[in-house]
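>>> one predicted model, sequence on top.
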Amino acid sequence: MQALKESCQRSISTGCEVAMICGTSGIGKSKLSEEFARSAKESGSIFISGRFDKLQSQPLHAISSAFDKYCAWLSVNDRSTAEKIATALKEYLGEDLASL
């Protein structure tokens with residue numbers, strides 16, 4: 001938990017941080033994630049998560065899932081940032097944006 005809290009503190013000063021919780025099945029990753037999510041949200045941070053699924057054939061599904069959740073959160077809670085990101089993606093990717 002301490003390493004996650006330190007990661008959260010770094011994100012406040014740098015503007016961005018990614019932390020991953022890895023381990024074998026049944027060691028408490030989900031519980032740790034839930035507890036940290038509660039702590040992060042109480043401090044005003046945004047917490048998103050993705051879960052690895054052995055049955056999912058999409059590469060990097062956990063990361064894709066996490067960003068889907070973040071985009072959904074943005075569209076509801078921070079329309080201005082969502083619009084800035086959409087504009088930047090359109091400018092940068094052009095027609096390739098449709099492939100996302």
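Looks like it came in fine.

>>> so where's the longest helix in this structure?
Taking DSSP state H as the assignment, the helix of the chain that covers the most residues is helix 61-77.

>>> what residues does that helix touch?
Residues external to helix 61-77 that are found in contact with it (Cβ atoms under 8 Å, 6 or more residues apart in numbering): I46, I48, S49, G50, R51, F52, D53, Q58, T81, A82, I85. For the C-beta atoms, the positions are set from N, CA and C on the backbone; glycine is no exception.

>>> helices along this structure, start to end?
The residue ranges that make up the helices of the chain, judged by DSSP H, are 2-14, 29-42, 61-77, 79-93.

>>> mean neighbour count and distance to G23 added to the ones you listed, as CSV?
Rendered in CSV, the data for these read as follows (neighbours: other Cβ atoms under 10 Å; distance: least, Cβ to Cβ, whole Å):
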stretch, mean neighbour count, distance to G23
helix 2-14, 12, 13
helix 29-42, 14, 5
helix 61-77, 14, 14
helix 79-93, 11, 32
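
>>> what's the closest of the ones you listed to C22?
Judged by Cβ to Cβ, the one of the helices of the chain that comes nearest to C22 is helix 29-42, at 7.6 Å.

>>> okay, the angle between that closest one and helix 2-14?
For helix 29-42 against helix 2-14, the angle between stretch directions is 40 degrees (axes from the mean of the first three to the mean of the last three Cα atoms, to 10 degrees).
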